[in-house]
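Novice: Pasting the sequence and the predicted model now:
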Amino acid sequence: MYLLCYGRSEGAVRTGDSLIDKIGGRWIESADFFASRLPIPASERDAVIVMILPLEASIEILNGNFSPTLSGFPVICVSPDGLFAAIIRRGDGSTLADCDEVYQEMLNVLGPKCFRSFGSNADIAPDLMTAIDSYGMTPNDPDKLKAYLSMIRSGEKVSIYTDLPIVFAEPAIDSMIFEVNRYSRETKESFIQSYISLSGSSSKAIFITCAKMPQCEGNPPLVLVPKLVSVGLELTGRLDPEYAAILVLATLENHGIDARSVSTVAVSQSARESDAVQKVAEMFGASVTAFATRVLQEVKLPLKMTFAPVRDKTDFATAGCFLTSESGKILIRRSAEKSGLAISACLKRGNILLTE
C-alpha cells in the first residue's frame, strides 16, 4: 500500500501525516501534480491518491485538467478533520493497488467515528438483464447467471473479463459495481488463461466473449456469449444440408468462435432458399439475410483475399457478412471453399453498452 496525499489546511496535514505514518506514502507537494504528464515512478505504480479536501473540491480537481498519466489510479477523498472518507474513483485496474483493501486500512486508521457512506451500492446497481436481452447473450450456466444478477442487484462487486468493446452509460458509477479486465486479440492466450485459472475459484467473475472457451473441470466462471457474429456463405458446389451445418460449426470452432454468437447468415439472393443455407441458419438459431449480386459486387473489403483470386470474381461470402456486421471485423476469410461451401465470418461493429 502506498498513499499519495494532497491537502492544504493544518487539519489536513495532521490527518495525512497519520495516514502516511500508519500505511506509508508521501505528500503531493503541489496541485500541479494533477495536471502533469510526467511518468509515475515504478515505486509508486501501486499508489492510491488521497485528497484530504472537502468532497466538492476533490471532485473539482478530478473534473479539471486531470492528467491521463493518473487516470488509472484510484482516488479516495478524506475530509481534513478525518471524519469522512469515500472512494470517488476506483481506477481502471492498471495499477496494482487494491482500492477496497486500501480504503479499509484507511478507515482503520481514521477510527470508528469516520462517516463513510450515504447509501449502499444497491442504490446504484444496474439491471444487467437489459444488456443480456439486447445482445441476445447466452449463459453457459443459467442458474449461476440468476445468482450473479441477484448479487449485482444487492450491490456486490463483480469482475468482468472481456475481449469485446464494452462501455458503460455512467462509467464513474458503474465502476463501483464492475471491475473490467480488457483483452485484445493479441492477448487471447492471456484471456483464455484467466478463464482457466478462475475455474473452481470463488471469484465472482463474468466472461463476456464470442470466443470458444475451453472445457474446464469443476466450477467454471460464468460466460455470456452475445450474438454479434455474422456468417457469410457462398455455395460453390452441391453438398448435403446436414454436412453443410456440421462444416460451418467445425470451421467456427477451429477459428476459436463460439457457435452461439452467430446472429445472421448472409448469402446472395440466389442461395437464400438453399436447403444447406436453411439448415445452417436453423442449427445456429440465426436469421438469413440475402443480398442482390450487384450489391455484393460493390462491397469494398478491407483485406486482400487469402486464396488464389479468380479474375473478376466477387467474394460473396465475405461481402455478405461484412455488410450484415456493419463493416465489422473479419474473423474468417473464405474458409473450406474446396468442400463446396465458402465460409466467412465477421464480428459486428460497435460497442456493447452494458448499462443504461
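Specialist: Looks like it came in fine. Residues are numbered from 1 along each chain as shown.
Novice: And the strands in the stretch 201-350 of the chain?
Specialist: Assigned by DSSP state E, counting those that start in this stretch, the stretch 201-350 of the chain shows strands spanning 205-208, 222-225, 229-235, 262-268, 287-291, 329-335, 341-347.
Novice: Tabulate the ones you listed (JSON lines), appending mean neighbour count.
Specialist: For the C-beta atoms, the positions are set from N, CA and C on the backbone; glycine is no exception. Shown next, in JSON lines, are these (neighbours: other CB atoms under 10 Å):
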{"stretch": "strand 205-208", "mean neighbour count": "22"}
{"stretch": "strand 222-225", "mean neighbour count": "23"}
{"stretch": "strand 229-235", "mean neighbour count": "27"}
{"stretch": "strand 262-268", "mean neighbour count": "26"}
{"stretch": "strand 287-291", "mean neighbour count": "18"}
{"stretch": "strand 329-335", "mean neighbour count": "20"}
{"stretch": "strand 341-347", "mean neighbour count": "25"}
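Novice: Which one, of those strands, ends up nearest to Glu186?
Specialist: Nearest of the strands of the stretch 201-350 of the chain to Glu186, taken as CB to CB: strand 329-335 at 13.3 Å.
Novice: which neighbours does the closest one have in its sheet, and in what orientation?
Specialist: Strand 329-335 sits in its sheet next to strand 341-347 (antiparallel), going by DSSP bridges.
Novice: what element comes up after the strand it pairs with heading to the C-terminus?
Specialist: Once strand 341-347 ends, the next helix or strand along the chain (criterion: DSSP states H and E) is strand 352-353.
Novice: follow-up on the earlier one: looking at the strands of the stretch 201-350 of the chain, which is nearest to Arg14?
Specialist: Short answer: strand 205-208, nearest of the strands of the stretch 201-350 of the chain by CB to CB, at 41.1 Å.
Novice: What is that closest one packed up against?
Specialist: Packing partners of strand 205-208 (3 or more CB pairs under 8 Å, 6 or more residues apart in numbering; DSSP states H and E): strand 158-162, strand 222-225.
Novice: so which of these gets nearest Gly136?
Specialist: Nearest of the helices and strands packed on strand 205-208 to Gly136, taken as CB to CB: strand 222-225 at 8.7 Å.
Novice: Can you list the strands that that closest one pairs with?
Specialist: With DSSP bridges as the test, strand 222-225 is paired with strand 138-139 (antiparallel), strand 205-208 (parallel).
Novice: so how far is the first one from its chain's centroid?
Specialist: Between the mean C-alpha location of strand 138-139 and the chain-wide mean there is a distance of 16 Å, by CA atoms, centre = their mean, to the nearest Å.
Novice: so where do the helices sit in the chain?
Specialist: Assigned by DSSP state H, the helices in the chain fall at 10-23, 55-63, 99-110, 128-134, 142-153, 171-174, 188-198, 241-254, 275-284, 293-297, 316-324.
Novice: now the strands paired with strand 222-225 in JSON lines, with mean pLDDT?
Specialist: Below are the strands paired with strand 222-225 laid out as JSON lines (pLDDT from 0 to 100):
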{"stretch": "strand 138-139", "mean pLDDT": "97"}
{"stretch": "strand 205-208", "mean pLDDT": "96"}
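Novice: I'd like a version of the ones you listed in TSV, one that adds distance to Glu170 as further columns.
Specialist: Output for the strands paired with strand 222-225, formatted as TSV (distance: least, CB to CB, whole Å):
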stretch	distance to Glu170
strand 138-139	24
strand 205-208	18
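Novice: before we move on, back to that, dump the helices and strands packed on strand 205-208 to TSV, plus distance to Val280.
Specialist: Listed next are the helices and strands packed on strand 205-208 as TSV, based on distance: least, CB to CB, whole Å:
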stretch	distance to Val280
strand 158-162	27
strand 222-225	18
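Novice: Please dump those into TSV; it should also carry distance to Ile59 and mean pLDDT for every row.
Specialist: Shown next, in TSV, are these (distance: least, CB to CB, whole Å; pLDDT from 0 to 100):
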stretch	distance to Ile59	mean pLDDT
strand 158-162	26	94
strand 222-225	33	97
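Novice: Compare the ones you listed and give me the one nearest Gly256.
Specialist: It's strand 222-225; of the helices and strands packed on strand 205-208, that one is closest to Gly256 (CB to CB) at 12.7 Å.
Novice: Share the number of residues neighbouring Asp21, please.
Specialist: 10 (other CB atoms under 10 Å).
Novice: The residue nearest to Pro139 when sequence neighbours are not counted: what's it in contact with?
Specialist: Excluding the flanking residues, the one nearest Pro139 by CB to CB, 6 or more residues apart in numbering is Leu145, at 4.2 Å. Contact analysis of Leu145 by CB atoms under 8 Å, 6 or more residues apart in numbering lists Ile132, Pro139, Leu222, Leu224.
Novice: Widest-spaced pair of those residues?
Specialist: Of all pairs drawn from the contacts of Leu145, the greatest distance, 11.2 Å, lies between Ile132 and Leu222 (CB to CB).
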